[in-house]
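[1] Turn this into a structure:
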Amino acid sequence: MSEKSEMGSLIEVKSLEKTYQMGEELVRALRGVSFFIERGEYVAIMGPSGSGKSTLMNIIGCLDTPSGGSYLLNGKRVSQMSDDELAFIRNREIGFVFQTFNLLPRADALHNVELPLIYRGVGTKDRRALAMSALESVGLKERTHHKPNELSGGQRQRVAIARALVNDPSIILADEPTGNLDSKTGEEIMDIFDELNRNGHTIILVTHEETIAAHSRRVIRLRDGHIEKDEQLN
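    A predicted model of the protein is given here:
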């Protein structure tokens, strides 16, 4: 568990449990996981297949609910939120970046980045300005009207990062963001995350690659549903 104060933590996870029913078998994916994450931290979550890291990521992202324990985001207990409140959190508080990009294939880069703003009800003029600014921040100002199949893998991931940023979320949650990229392009994407963290964004990264985790300032290592190690990096 982090030694930092519980007061004012962005994320507080206490004795978190998650059990799945797999046929007749009960699988305990998380077994009493506890930690705090402060605003502005850059944290990598690591572990072998079956360690519980994807389950933990889904709970932090409000995509799944724990079987036991508690998860507080910005001081609010997530398990007590309504569906509307959870939808608001997913749209406004958390920016998601996935390994497979999850872009609309028939929409251009600008429209893909605008999507969270459309769900939020932002007017067309403001929406375009915010989306353009987000694309410019990841170096894609000249690619706004290109569709995903007209972009390289690295450019598609930049669009996905711009989409994650456009609502100015509390957390950027990245799941294996370089998994479909070659090593050079992957490093370029990690440079963007490094810059975002320097600018004050809280980043939580799930990865199985040590070289990618090395970009973070803290690594939480999971094994068999437990925290094996929680270490600060230089």
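
[2] Only C-alpha atoms from now on, for both contacts and neighbour counts.
    OK.

[3] Could I get the contacting residues of residue 116?
    Contact analysis of residue 116 by CA atoms under 8 Å, 6 or more residues apart in numbering lists 91, 163, 166-167.

[4] Where does the residue nearest the centre of the chain sit, in terms of helix or strand?
    Residue closest to the average C-alpha location in the chain (CA atoms, centre = their mean): residue 173, at 0.7 Å. Counting by DSSP states H and E, the element that carries residue 173 is strand 171-175.

[5] That strand: how far from the chain's middle?
    Between the centre of strand 171-175 and the centre of its host chain there is 1 Å, according to CA atoms, centre = their mean, to the nearest Å.

[6] go on, stretch 133-153?
    What separates the centre of stretch 133-153 from the centre of its chain is 20 Å, taken as CA atoms, centre = their mean.

[7] so how far does that stretch reach from one end to the other?
    Distance across stretch 133-153, first residue to last, is 21 Å (CA to CA, to the nearest Å).

[8] Now do the buried residues in it.
    133-135, 137-138, 140, 143-144, 146-148, 153 (16 or more other CA atoms under 10 Å).

[9] I would like the residues contacting the one helix or strand residue 197 maps to, please.
    Residue 197 is part of helix 183-198, with elements assigned from DSSP H and E. Helix 183-198 has contacts (CA under 8 Å, 6+ apart) with 40-42, 138, 154, 157-158, 178-179, 203, 212, 215-216.

[10] So which of these sit within strands?
    Secondary structure from DSSP state E places 42, 203 of the contacts of helix 183-198 in strands.

[11] between the helix holding residue 197 and strand 171-175, how many degrees?
    160 degrees (axes from the mean of the first three to the mean of the last three CA atoms, to 10 degrees).

[12] Give the buried residues for helix 183-198.
    185-187, 189-190, 192-194, 196-197.

[13] mean confidence score for it?
    Helix 183-198 shows a mean pLDDT of 94 in the predicted model.

[14] related to what we said a few turns ago, would you reformat the buried residues of helix 183-198 as TSV and include distance to residue 129?
    Below are these laid out as TSV (distance: CA to CA, whole Å):
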residue	distance to residue 129
185	27
186	28
187	28
189	23
190	25
192	21
193	22
194	24
196	20
197	23
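
[15] biggest separation within those residues, which pair?
    185 and 197 (18.8 Å; CA to CA).

[16] ranges for the helices of the protein?
    For the chain, the helices defined by DSSP state H occupy 53-60, 83-88, 109-120, 124-137, 153-165, 183-198, 210-213.

[17] Out of those helices, which is closest to residue 23?
    Among the helices of the chain, the nearest to residue 23 by CA to CA is helix 53-60 (18.3 Å).

[18] Give me the contact list for that closest one.
    18, 29-30, 45-47, 64-66, 71, 173, 175, 206, 222.

[19] Which of the contacts of residue 116 ranks first by neighbour count?
    residue 163 (27 neighbours; other CA atoms under 10 Å).

[20] Many thanks, we can stop here.
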